[in-house]
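1. Next one to model:
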Amino acid sequence: IYRISLFMKVLLNWFLVASLFAASPKAAFADVSGLTPCKDSAVFKKRLDGSVKKLQARLANYTEGTPAYLALEQQIDQTKARFAKYGDKGLLCGADGLPH
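-> Reported below is the predicted structural model:
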């Protein structure tokens, strides 16, 4: 019985050590996977500008102060905030400018 419990202790220790190495966080290397930080991506910025430009074009169709106009203004602010969050959180973007 003593040999079995000693063997189990050794086996458990090896399992714990192996799981610690397997579960330790790895550094993310964006250049390895072809991804770039969104805040540095020109395509990401171009997507932001395109989205805002489309919303502003729709905004021109409405009179200032109307509910539709105010809703579009709010949507523009939300779009800018969303893109800013993506950049600030350190998300990585692909060649298409979308976060991954």
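
2. For the chain, just list every one of the strands.
-> Listed in chain order, the strands of the chain (DSSP state E) span residues 36-37, 92-93.

3. mean confidence score for the first one?
-> It refers to strand 36-37. Averaging the model's pLDDT scores along strand 36-37 yields 88.

4. what does stretch 92-100 give?
-> Model confidence over stretch 92-100 averages 87 on the pLDDT scale.

5. got the buried residues for it?
-> Of the residues in stretch 92-100, Leu92, Cys93, Gly94, Gly97, Pro99 count as buried by neighbour count, 16 or more other C-beta atoms under 10 Å. All C-beta atoms are positioned from the backbone trio N, CA, C, and that covers glycine.

6. For the spatially most central residue of the chain, give me its contacts.
-> The residue lying closest to the centre of the chain (C-alpha atoms, centre = their mean) is Leu91, at 3.4 Å. Neighbouring residues of Leu91 by C-beta atoms under 8 Å, 6 or more residues apart in numbering: Pro37, Cys38, Pro99, His100.

7. still on that earlier bit, same list, the strands of the chain, but as JSON lines with distance to Ser19 please.
-> Below are the strands of the chain laid out as JSON lines (distance: least, C-beta to C-beta, whole Å):
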{"stretch": "strand 36-37", "distance to Ser19": "31"}
{"stretch": "strand 92-93", "distance to Ser19": "27"}
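
8. I'd like to know which of these is closest to Ala60.
-> When the strands of the chain are compared by C-beta to C-beta, strand 92-93 sits nearest Ala60, at 29.6 Å.

9. for that closest one, packing partners?
-> Applying 3 or more C-beta pairs under 8 Å, 6 or more residues apart in numbering; DSSP states H and E, one finds that strand 92-93 makes contact with strand 36-37.

10. Give the partner strands of the strand it packs on in its sheet and their orientations.
-> strand 92-93 (antiparallel) (DSSP bridges).

11. rewinding a little: which one of the contacts of Leu91 is nearest Phe15?
-> Nearest to Phe15 among the contacts of Leu91, counting by C-beta to C-beta, is His100 at 33.4 Å.
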